[in-house]
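Enquirer: What follows is a predicted protein model with its sequence.
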Amino acid sequence: MQTTEYIWFDGKMVPWDQAQVHVLTHALHYGDSVFEGIRAYDCGAKGSAVFRLKEHAQRLVNSAKILRMKMPYTAEQISDAVIETLKANKMKAAYIRPLTFVGYKEMGVYPGANPVQTIIACWPWGAYLGPEALEKGIRIRTSSFNRLHPNTLMSKAKAGGNYVNSILAKVEAVEDGYDEAVMLDTTGLVSEATGENIFIVKDKVLRTPPLTTMLGGITRLSIIKLARDLGYTVEEQDFSRDELYIADEAFFTGTAAEMTPIREVDRRVIGEGHAGPVTKHLQQEFFKVVHGENPAYADWLATYTV
């Protein structure tokens, strides 16, 4: 990861190396943090744009509410701070990480009167799953770890503690030679990946699991809208692991992963073993949107200049 100059920390621009917390910070011990992953894109002569900033900022506030954290900022204030951070770091394109967490005061599971703090960092970041992944696709395995039942942890909060489940699945997959893992829910149906939502394509119809056991991905929602606007049928419908095996195409969506094709699952080749025609079409149109080349989706972009 490449560092940048400043991190926004509770309303102040702090030098990167000075954005620090105490080792007894509550969230470090108990996982009570919420965060977002957001991307800003260089749109050339048009300046730069943050993709779906309002939605990400609102989801951060919603996540804090679910965890009963006293969020110190509104979604609008978070949005403004994101733009301020990008400008301070002169970033035309970046990955952006807002994080709200329970800070240092008292120990013990109950957070009590511990302060709730917020930071926003940004840095350059390319293709999350590798530079060739967007074209060639990736190899994935079905994880031995299930996605959590919705009454064990709050699946609609993008909470730090929830991601231990993802870490276990990711480490297992990578150490077994795969790029990523797909996770099943507690009934055995396909849920999502460690940090991405999943789509399959069969006879040019797209299917993605409903939001029963997973976080509602903002890129997922965007692809559903974009695909329907392009004339594709999109169904939010459960499917099994063997339905994934025999799909014509499959891909992941997410802020970091963007739109990454899946070429192999559990040593079974998906389709032709690379990005299929529907995936390529959606990829092409998605990247037009995020780079400000499709005015029909201008309201998805928060523009700025540095």
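Expert: Structure's in. What do you need?
Enquirer: Pull out the buried residues from stretch 199-213.
Expert: 199-202, 206-209, 211, 213 (16 or more other CB atoms under 10 Å). No exception for glycine: its C-beta is placed from N, CA and C like everyone else's.
Enquirer: Out of these, which comes closest to Q58?
Expert: Nearest to Q58 out of the buried residues of stretch 199-213 is L211 (CB to CB; 15.9 Å).
Enquirer: What helix or strand is that closest one located in?
Expert: According to DSSP states H and E, L211 maps onto no helix or strand at all.
Enquirer: which residues in the stretch 151-300 of the chain form helices?
Expert: Assigned helices in the stretch 151-300 of the chain, in chain order: 163-175, 218-229, 241-245, 277-290 (criterion: DSSP state H, counting those that start in this stretch).
Enquirer: State the number of residues packed around Y178.
Expert: 21 (other CB atoms under 10 Å).
Enquirer: so it makes contact with R141?
Expert: Yes: applying CB atoms under 8 Å as the test, Y178 and R141 come out as touching, 4.5 Å apart.
Enquirer: would P98 count as being in a strand?
Expert: Yes: counting by DSSP: H, G, I helix; E, B strand; the rest coil, P98 is found in a strand.
Enquirer: quick one: contacts for it?
Expert: 35-36, 38, 56-57, 60, 78, 81-82, 118-120 (CB atoms under 8 Å, 6 or more residues apart in numbering).
Enquirer: how about the strands of the stretch 101-250 of the chain, start to end?
Expert: 116-123, 138-142, 180-184, 190-193, 197-202, 205-208, 234-236, 249-254 (DSSP state E, counting those that start in this stretch).
Enquirer: if we look at the fourth one, which residues are touching it?
Expert: Residues from elsewhere that reach strand 190-193 (CB under 8 Å, 6+ apart): 140, 146-147, 180-185, 198, 209, 212-215, 217, 238-241, 243-244, 252, 254.
Enquirer: what do you get for the last one?
Expert: With contact meaning CB under 8 Å, 6+ apart, strand 249-254 is reached by 37, 128-129, 137-138, 180, 193, 195-201, 217, 219-220, 222-223, 244, 259-262, 265, 270-271, 275-279, 282.
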